[in-house]
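Student: only geometry, no sequence info:
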């Protein structure tokens, strides 16, 4: 779910950008996507369904960029009843026998999850369901039983059909129903053809096939952004007709064991954050707090922490007791040094006189008013 949070974070940042610049949200989403190297937002979402997700650096980059910019009720054969998908973000609950579950929409995939297991039905109608079982439930999980798993998949299939129905209402009817000549219109453009090509697997697809599979490649599952009316490189000889599963439905479920335990990542970023927090904890005046925030902290080979203090902000004879204690817990040696940085404000001695940021700011403004200039 951490990856889903990052996608939602990008949406939130885009909304802020739209409000600040009086743009439609869809346009601001495209701005965010292009800043990350995608043609538009739909391309970004398509990539997130493959193997790409925004990392922390991507979020930092977008936040920096934005900062600069405006500086049926339905019943299935299992007799489990769920409501129609009026809110695409809603989470519903149900039970199969003695086992409870929840079902929700995640990036247009139907996801059912219970204690120690998750079943995901991809948006592409022919794609195989993904089943994840937590390792600690490897022997006791109910989804190991074929009949239980079939019931879960049936429920998720109905939910997925409603998600796809909602998506189809946003498309032209010509995109979902071929004409007498088998021609259909691309849902994300104006191209009309009876032959389509997947640029991921070089598959050749008929208009009927692509419409029935909700504009996903029946062979590799690529999303509509990868479907075009001409082959990649315009060489039809290198393409091949797509293969539809014989059963005409989804492939067999893909089942895998996963380790879903929360993991404490002791990487350089997190270690530095803990050390800096410890430095702030023992700062006794404004100067020392500034010194803790501006100290250079680096981790070498997960064996030692190097802390470099500004000599004008952190007393040379002050031992960072809390930071040393945190480093010891983490099994790291600590090396300290003092260097001459560029203090953020003149008269660094003022920060030693108070622990109140309000009082320190007033002293700064008084001093600059008398001896310098206050720039806003």
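Tutor: In hand now; what should we look at? Since the model is a prediction, treat every value here as computed from it, not as a measurement. Residues are numbered from 1 along each chain as shown.
Student: need the contact list for the closest residue to residue 117 other than its chain neighbours.
Tutor: Nearest residue to residue 117, sequence neighbours excluded (Cβ to Cβ, 6 or more residues apart in numbering): residue 143, at 4.7 Å. Placement of C-beta: from N, CA and C, glycine included. Contacts for residue 143 were tallied using Cβ atoms under 8 Å, 6 or more residues apart in numbering; they are 114, 117, 119, 131, 133, 149, 152, 255.
Student: what do you get for residue 160?
Tutor: 109-110, 121, 123.
Student: Name the next helix or strand following the host helix or strand of residue 43 along the chain.
Tutor: Applying DSSP states H and E as the criterion places residue 43 in helix 41-48. Next along the chain after helix 41-48, taking DSSP H and E as the criterion, comes helix 56-69.
Student: tell me which strands and helices that following helix is in contact with?
Tutor: Helices and strands touching helix 56-69, by 3 or more Cβ pairs under 8 Å, 6 or more residues apart in numbering; DSSP states H and E, are helix 2-21, helix 25-35.
Student: how about TSV for those, with mean neighbour count and distance to residue 267 added?
Tutor: Output for those, formatted as TSV (neighbours: other Cβ atoms under 10 Å; distance: least, Cβ to Cβ, whole Å):
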stretch	mean neighbour count	distance to residue 267
helix 2-21	15	14
helix 25-35	18	25
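Student: quick one: which of the ones you listed is nearest residue 166?
Tutor: helix 25-35 (17.2 Å; Cβ to Cβ).
Student: Mind giving me the packing neighbours of the closest one?
Tutor: helix 2-21, helix 41-48, helix 56-69.
Student: mind checking the SS state of the closest residue in space to residue 244 that isn't next to it in sequence?
Tutor: Closest residue to residue 244 apart from its sequence neighbours, by Cβ to Cβ, 6+ apart: residue 218 at 5.2 Å. Recorded secondary structure, residue 218: coil (DSSP: H, G, I helix; E, B strand; the rest coil).
Student: residue ranges with poor pLDDT in the stretch 151-300 of the chain?
Tutor: 168-169, 234, 245-249 (pLDDT under 70).
Student: mind redoing it with 90?
Tutor: 157-182, 187-190, 199-203, 207-209, 211-226, 230-253, 258-263 (pLDDT under 90).
Student: now the helices for it?
Tutor: Remark: helices assigned in the stretch 151-300 of the chain by DSSP state H, counting those that start in this stretch are 173-176, 207-212, 268-281, 286-294.
Student: buried set for the longest one?
Tutor: Residues of helix 268-281 classed as buried under the neighbour-count rule (16 or more other Cβ atoms under 10 Å) are 271-272, 274-276, 278-280.
Student: I figured residue 101 was touching residue 93, is that so?
Tutor: Yes - using Cβ atoms under 8 Å, residue 101 makes contact with residue 93 at a distance of 7.2 Å.
Student: Which one of these two is surrounded by more residues?
Tutor: residue 101 (23 against 9; other Cβ atoms under 10 Å).
Student: Just confirm the more buried one is within a helix.
Tutor: No - going by three-state DSSP, the assignment for residue 101 is strand, not a helix.
Student: rewinding a little: list just the one of the helices of the stretch 151-300 of the chain that sits closest to residue 61.
Tutor: helix 268-281 (15.3 Å).
Student: Contacts for the closest one, please.
Tutor: 56, 289, 291-293, 295, 297-299, 305, 307, 320, 322-323, 325-327, 330, 332.
Student: Next, the angle from that helix to helix 286-294.
Tutor: 180 degrees (axes from the mean of the first three to the mean of the last three Cα atoms, to 10 degrees).
Student: Count the residues that sit near the residue nearest to residue 343 when sequence neighbours are not counted.
Tutor: Among residues not flanking residue 343 along the chain, residue 312 sits closest, at 4.7 Å (Cβ to Cβ, 6+ apart). Residues contacting residue 312 under the criterion other Cβ under 10 Å number 18.
Student: and the gap between residue 312 and residue 132?
Tutor: 54 Å (Cβ to Cβ, to the nearest Å).
Student: One more: residue 301?
Tutor: Residue 301 is 34 Å from residue 132, by Cβ to Cβ.
Student: ok, back up a step: quick check, the residue nearest to residue 117 in a strand?
Tutor: No - under three-state DSSP, residue 143 sits outside any strand and is assigned helix.
Student: Would you reformat the helices of the stretch 151-300 of the chain as a markdown table and include distance to residue 244?
Tutor: Converted to a markdown table, these look like this (distance: least, Cβ to Cβ, whole Å):
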| stretch | distance to residue 244 |
| --- | --- |
| helix 173-176 | 18 |
| helix 207-212 | 7 |
| helix 268-281 | 47 |
| helix 286-294 | 60 |
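Student: And these: which comes nearest residue 45?
Tutor: Once the helices of the stretch 151-300 of the chain are compared by Cβ to Cβ, helix 173-176 is nearest, at 18.0 Å.
Student: elements contacting the closest one?
Tutor: Against helix 173-176 (3+ Cβ pairs under 8 Å, 6+ apart) you get strand 184-185.
Student: Adjacent strands (with direction) for the strand it packs on?
Tutor: Paired neighbours of strand 184-185 in the sheet (DSSP bridges): strand 192-193 (antiparallel).
Student: Show residues contacting the partner strand.
Tutor: 174, 183-186, 207, 229.
Student: so how far is residue 310 from the nearest residue to residue 297 once chain neighbours are set aside?
Tutor: Nearest residue to residue 297 in three dimensions, chain neighbours excluded: residue 272, at 4.3 Å (Cβ to Cβ, 6+ apart). Distance, residue 272 to residue 310, by Cβ to Cβ: 16 Å.
Student: Now go through the contacts of residue 160 and say which are in helices.
Tutor: Using DSSP state H to define helices, no part of the contacts of residue 160 is located there.
Student: So which of residue 301 and residue 132 has more stuff around it?
Tutor: residue 132 (18 against 5).
Student: contacting residues for that one?
Tutor: 117-120, 256-258, 260.
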